[in-house]
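Undergrad: Predicted model follows, preceded by the sequence.
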Amino acid sequence: MSRIAVIGAILEKPRESQKAFNDTVSSFKVLVKGRMGIPFDDHDMAIISITLQGELDEINALTGKLGNIPRVTIKTAVSSEPKSA
């Protein structure tokens, strides 16, 4: 069943992690419905929010890969499974 999810990411020292982060997200582009990034240059950080729609296994795969990138912290919220009518 398809789920809706939002990933919140904090990239510390984004110059070191942003390419790997962007490449990973791009490899799951069929899931991505929206993305917003806010740089915090004075703190050497970037905050990124990604809205997804896909199967739970796909969402978990993306979350796991992003969480393994050094200096990247990930939190994910996923909708509950839709109830049948």
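TA: Cool, the structure landed. Numbers count the residues shown, from 1 in each chain.

Undergrad: so who does Q53 touch?
TA: Shown in contact with Q53 (C-beta atoms under 8 Å, 6 or more residues apart in numbering): S2, R3, I4, A5, L31, K33. All C-beta atoms are positioned from the backbone trio N, CA, C, and that covers glycine.

Undergrad: One more: K33?
TA: T51, L52, Q53 are the contacts of K33 under C-beta under 8 Å, 6+ apart.

Undergrad: And for P82?
TA: Contacts of P82 by C-beta under 8 Å, 6+ apart are M1, S2.

Undergrad: Checking my notes, it in a strand, right?
TA: No: secondary structure of P82 (DSSP: H, G, I helix; E, B strand; the rest coil): coil, not part of a strand.

Undergrad: Relative to P82, how far out is T63?
TA: 20 Å (C-beta to C-beta, to the nearest Å).

Undergrad: Which stretches in the chain count as helices?
TA: Ranges of helices within the chain are 14-26, 56-67, based on DSSP state H.

Undergrad: Would you format those as CSV with mean pLDDT and distance to F40 included?
TA: Output for the helices of the chain, formatted as CSV (pLDDT from 0 to 100; distance: least, C-beta to C-beta, whole Å):
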stretch, mean pLDDT, distance to F40
helix 14-26, 96, 9
helix 56-67, 97, 18
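
Undergrad: is it possible to export these to CSV including distance to D41 and mean neighbour count?
TA: Putting the helices of the chain into CSV (distance: least, C-beta to C-beta, whole Å; neighbours: other C-beta atoms under 10 Å) gives the following:
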stretch, distance to D41, mean neighbour count
helix 14-26, 9, 15
helix 56-67, 22, 17
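
Undergrad: Tell me which residues touch S2, please.
TA: By C-beta under 8 Å, 6+ apart, the neighbours of S2 are Q53, G54, E55, P82.

Undergrad: Could you rerun that using 6 Å?
TA: Contacts for S2 (C-beta atoms under 6 Å, 6 or more residues apart in numbering) come out as Q53.

Undergrad: Can you give me the distance of it to I47?
TA: S2 sits 26 Å away from I47 when distances are taken as C-beta to C-beta.
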